[in-house]
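[1] Build me a model:
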Amino acid sequence: MAKNSDKRAISRKARMEARAAAEREAQLAAERERKIQTTIGAAVVAVIVVIAAVIVFFVGRNIYNSTRSPEEVAAQAYAAVEKVKDKPKNAAKNGGFVISKNGVNKPIANVPTIDDYMDYICPACGTMHRSAGETLASFVAAGQINLNIHPAAFLNASSTDRYSTRAAAFVTYVADNEPDKVLALSEAMFAQNFQPQEASGYKSVSNDALVKLAKSVGVSDSVATAAAKGKYEKWVDAVSQWYPVDNKLWHKSGTYKGQMTTPTILINNNYWDYTTAPSSYAGNYAKMILHSIGLEEASMGKADDLPSIGTGKPVAL
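    Numbers count the residues shown, from 1 in each chain. Coordinates of the predicted model:
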């Protein structure tokens, strides 16, 4: 009887040891898998950072064919914008919102106008705005430039809830109703602690989070709440189909010649190719803009010191 009991105890011990060994192997396998995923994730992040820092984040493409000219395709896309029922009243003909020290759609004469095409999930847009956003705002406040902002939605596929459209429509509503707050809101959208990651790194940003952010920069409760209702989403989607086929927004040379990327900047309606900037700028977009509009750093924000280019072509980098 004792021998049988001993045999059962040995068998039970063997089973427990086998189970423990299997669990250890499973844990080791899981740990190996976590290490592989971390390495892959780090590599993907590194690639995105390089793309954002060195050039731009690709969003556009030519979609015309041999039977239609680019001008015809652009005209058709613009006609679709015009058909949208709910259009922002303050939007300019080219789809943006011209902000000056005098308000919206009240450009100042004889100073540069900078057009800024952006998507609020675009990592390169975030990089540029974290570098130059405050500089641009100071130019506007001093009457040194007119800033034409173009909130757009090119990267809805990089989120799970059409964040690009929701964010751009939200900013558009504020631009149309409290334009004196829109630059602060736009820059807050690009803040490192708010701008969401794209694709697999995306974590949903709720409308409530957008409302809270807008209130934090001074947007009134009523406008912030109304902005989250998506009134201008169809308009945003329409202009976002039009911009990439507007050839004035295409790269003029290089790998992306004939294509649009974000962020896209025009200075006095001239395409601004900041990708050709010398390495000495080291991604300092504020410094690049100062150079291109002909303004010394010491003159930034000084109303009596106007950019030397006026309404002419930007200075080459």
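[2] Make sure residue 220 is actually in contact with residue 178.
    Yes: Residue 220 is within contact range of residue 178, at 6.5 Å (criterion: Cβ atoms under 8 Å). (C-beta placed from N, C-alpha, C; glycine too.)
[3] If you count surrounding residues, which of the two has more?
    A count of neighbours by other Cβ atoms under 10 Å puts residue 178 above the other of residue 220 and residue 178, at 19 against 14.
[4] now the helices for the chain?
    2-54, 70-83, 123-142, 163-177, 182-189, 207-216, 221-227, 233-242, 285-293 (DSSP state H).
[5] what comes up buried for the third one?
    Within helix 123-142, the residues scored as buried using 16 or more other Cβ atoms under 10 Å are 123-129, 131-133, 135-137, 139-140, 142.
[6] For that helix, the averaged confidence score.
    Helix 123-142 carries an average pLDDT of 96.
[7] got the angle for that helix vs helix 182-189?
    Angle, helix 123-142 to helix 182-189, by axes from the mean of the first three to the mean of the last three Cα atoms, to 10 degrees: 150 degrees.
[8] next one: the fourth one
    Taking the same axes, to 10 degrees, one finds helix 163-177 and helix 182-189 inclined to each other by 160 degrees.
[9] Using PDB, write out every CA atom in helix 163-177.
    Output of helix 163-177 as PDB, limited to C-alpha atoms (Å, rounded to 0.1, in the frame of the first residue of the first chain):
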ATOM      1  CA  TYR A 163      -9.200  61.900 -36.800                       C
ATOM      2  CA  SER A 164      -7.800  63.900 -39.700                       C
ATOM      3  CA  THR A 165     -11.300  65.000 -40.800                       C
ATOM      4  CA  ARG A 166     -12.600  65.500 -37.300                       C
ATOM      5  CA  ALA A 167      -9.700  67.600 -36.200                       C
ATOM      6  CA  ALA A 168      -9.600  69.700 -39.300                       C
ATOM      7  CA  ALA A 169     -13.300  70.300 -39.200                       C
ATOM      8  CA  PHE A 170     -13.000  71.300 -35.500                       C
ATOM      9  CA  VAL A 171     -10.300  73.900 -36.300                       C
ATOM     10  CA  THR A 172     -12.300  75.100 -39.300                       C
ATOM     11  CA  TYR A 173     -15.300  75.800 -37.100                       C
ATOM     12  CA  VAL A 174     -13.200  77.800 -34.700                       C
ATOM     13  CA  ALA A 175     -11.600  79.700 -37.600                       C
ATOM     14  CA  ASP A 176     -15.000  80.600 -38.800                       C
ATOM     15  CA  ASN A 177     -16.400  81.700 -35.500                       C
END
